[in-house]
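Undergrad: sequence and predicted structure are below.
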Amino acid sequence: MTDIAVVGFAHAPHTPATDGTTNGVEMLVPCFQDLYAGLGITKSDIGFWCSGSSDYLAGRAFSFIAAIDAIGAVPPINESHVEMDAAWALYEAWVKLVTGEVDTALVYGFGKASAGRLDRTLGLQTDPYLVAPLGVADSNLAALQARLGLAAGRWTERDLAEVAARARRAALATPDAQIAEDVDAEELLTRPVVADPLREHDCPPITDGAAAIVLAAGDRARELCDRPAWITGIEHRIDSAHLTGRDWLAMPSLTTAAERALGGDPTLDAAYLHTPYSHQELLARAAIGLAEDVPVNPDGGPLTGNPMFSGGLERIGRAARRVFDGAERVLAHAGQGPLLQQNLVAVLEGSPR
């Protein structure tokens, strides 16, 4: 199989709100320019484009078509789209490269979460007949899941506060973090509950953002990057769409995806998890089987900035950047859907296998 690598990554600043339209153009143009300049390429060097976004979030039909204004479609481009986080667009682009039809691809995602009522919009991902009509918000489901874990003895409120405190402290070293704070669990436990038993720091902030990644195959990757982040394993799986048909304290889709991507080798320098709620990081660690000494979200992660529909792609980009800087093997995870129904895992390494 063709060796495929991440060779470039750029993202827009994490911010609670942005000016401009909901089609992402204003956020995407600087990302593309950063990639072109950093890799020494132009638009004509890209063989395939694939994006991830949501018309529900944008509040308009075919918002991904309007986003192509950020690319410029003259001359015509080879383009596709997924109505999901752009991590799944990366998977489609990876498949395109595996076929050998192209040797480069640019993947991007965008979302203007501040434009509407995010909790209500995310509730539309639930069963359209039995759950969505109830008006169940994403945070409501997460709170029920956290409460189940407390009742089952899987974690304590202090455990959740420790996750959030570590994320906020880690974000102090991340220049583009939306939330960063030198705080400990004791301080966080004094703060008010917003969705019992979750406090504000246990929940992801509203974040507008965009991200873009360039993939390249074989020798083309080596030409573009001194140390490509080779994708040595990638897999995605999905759990039942019926909430009553799932064990809310297990993530079998993530376990299976991780097993396939890791290929039996648990050795990792770091893991970048797309877990928007504090308790979901604990669930994901267990589902993947991460060793205690593996650093998780050393940039702060989604608890300090969670751009919708590019957050998962950004986890892959952050993991790739770690490899660019010398790490040997890093895991990236993207999740989407109610209670992280869909999960994608990619393993990036400094050498192809």
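TA: Happy to help now that I have it.
Undergrad: quick one: the strands in the protein?
TA: 4-11, 48-52, 79-82, 104-112, 193-195, 198-199, 206-217, 229-238, 270-272, 306-307, 329-336, 342-349 (DSSP state E).
Undergrad: what residues of stretch 214-227 count as buried?
TA: Applying a neighbour-count criterion of 16 or more other C-beta atoms under 10 Å, one finds 214-218, 220-221, 224-225, 227 buried in stretch 214-227. All C-beta atoms are positioned from the backbone trio N, CA, C, and that covers glycine.
Undergrad: what's the most distant pair in the residues you listed?
TA: Spatially, the most separated pair among these is Ala217 and Arg227, at 16.1 Å (C-beta to C-beta).
Undergrad: correct me if wrong: Leu144 contacts Leu249.
TA: No - contact status for Leu144 versus Leu249: not in contact, 11.2 Å apart, counting by C-beta atoms under 8 Å.
Undergrad: before we move on, back to that, please produce a markdown table containing the buried residues of stretch 214-227, extended by pLDDT.
TA: As requested, the buried residues of stretch 214-227 are arranged in a markdown table below (pLDDT from 0 to 100):
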| residue | pLDDT |
| --- | --- |
| Val214 | 98 |
| Leu215 | 98 |
| Ala216 | 98 |
| Ala217 | 97 |
| Gly218 | 96 |
| Arg220 | 97 |
| Ala221 | 97 |
| Leu224 | 98 |
| Cys225 | 97 |
| Arg227 | 97 |
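Undergrad: make TSV out of those and add distance to Asp182.
TA: TSV is the format used below for those (distance: C-beta to C-beta, whole Å):
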residue	distance to Asp182
Val214	35
Leu215	37
Ala216	40
Ala217	43
Gly218	45
Arg220	44
Ala221	39
Leu224	38
Cys225	35
Arg227	33
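Undergrad: closest to Arg315 among those?
TA: Arg315 lies nearest to Leu215 out of the buried residues of stretch 214-227, by C-beta to C-beta, at 15.4 Å.
Undergrad: grab the nearest non-local neighbour of that closest one.
TA: Once flanking residues are discounted, Leu215 sits nearest to Ala105: 4.6 Å by C-beta to C-beta, 6 or more residues apart in numbering.
Undergrad: show me the contacts for that neighbour.
TA: Residues in contact with Ala105, defined by C-beta atoms under 8 Å, 6 or more residues apart in numbering, are 46-50, 93-94, 96-97, 214-216.
Undergrad: including distance to Pro204, could these go into TSV?
TA: Supplementary listing: the contacts of Ala105 in TSV, determined by distance: C-beta to C-beta, whole Å:
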residue	distance to Pro204
Ile46	31
Gly47	34
Phe48	31
Trp49	28
Cys50	25
Ala93	26
Trp94	26
Lys96	31
Leu97	31
Val214	27
Leu215	27
Ala216	31
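Undergrad: out of these, which are buried?
TA: Neighbour counting over the contacts of Ala105 (16+ other C-beta under 10 Å) leaves 46-50, 93-94, 96-97, 214-216 as the buried ones.
Undergrad: mind checking how far Val25 is from His81?
TA: Summarising the geometry, the distance separating Val25 from His81, computed by C-beta to C-beta, to the nearest Å, is 15 Å.
Undergrad: repeat for Ile288
TA: Distance check for Ile288 against His81: by C-beta to C-beta, it reads 29 Å.
Undergrad: of the two, who's got more company?
TA: Legend: neighbour count by other C-beta atoms under 10 Å for Ile288 and His81, higher for Ile288 (26 against 19).
Undergrad: thinking that one is in contact with Thr256, fair?
TA: No - using C-beta under 8 Å, Ile288 is not in contact with Thr256, being 10.6 Å away.
Undergrad: in the stretch 51-200 of the chain, mark out all the helices, start to finish.
TA: Residue ranges of the helices in the stretch 51-200 of the chain, as given by DSSP state H, counting those that start in this stretch, are 55-58, 63-67, 86-98, 118-123, 138-151, 157-170, 185-188.
Undergrad: so which of the ones you listed is the most surrounded?
TA: helix 86-98 (a mean of 24; mean count of other C-beta atoms under 10 Å).
Undergrad: check contacts around Ala12.
TA: Contacts were defined as C-beta under 8 Å, 6+ apart; by that measure Ala12 touches 27-28, 30-31, 110, 208-211, 307.
Undergrad: ok, now Ala195?
TA: Contacts for Ala195 (C-beta under 8 Å, 6+ apart) come out as 139-140, 142-143, 203.
Undergrad: quick check: bridge partners of it?
TA: On the basis of DSSP bridges, Ala195 takes part in beta bridges with Leu198.
Undergrad: mind checking how far it is from Val136?
TA: Distance of Ala195 to Val136, computed by C-beta to C-beta: 12 Å.
Undergrad: contacts for stretch 278-292?
TA: Stretch 278-292 is contacted by residues 142, 145-146, 149, 154-155, 159-161, 163-164, 167, 198, 201-202, 249-252, 254-255, 258, 266, 268, 271, 273, 275, 296-297, 301, 303, 331, 333, 335, 340, 345 when judged by C-beta under 8 Å, 6+ apart.
Undergrad: and what of stretch 317-325?
TA: 6, 9-11, 211, 213, 225-229, 269-270, 272, 299, 330-332, 346, 348-350.
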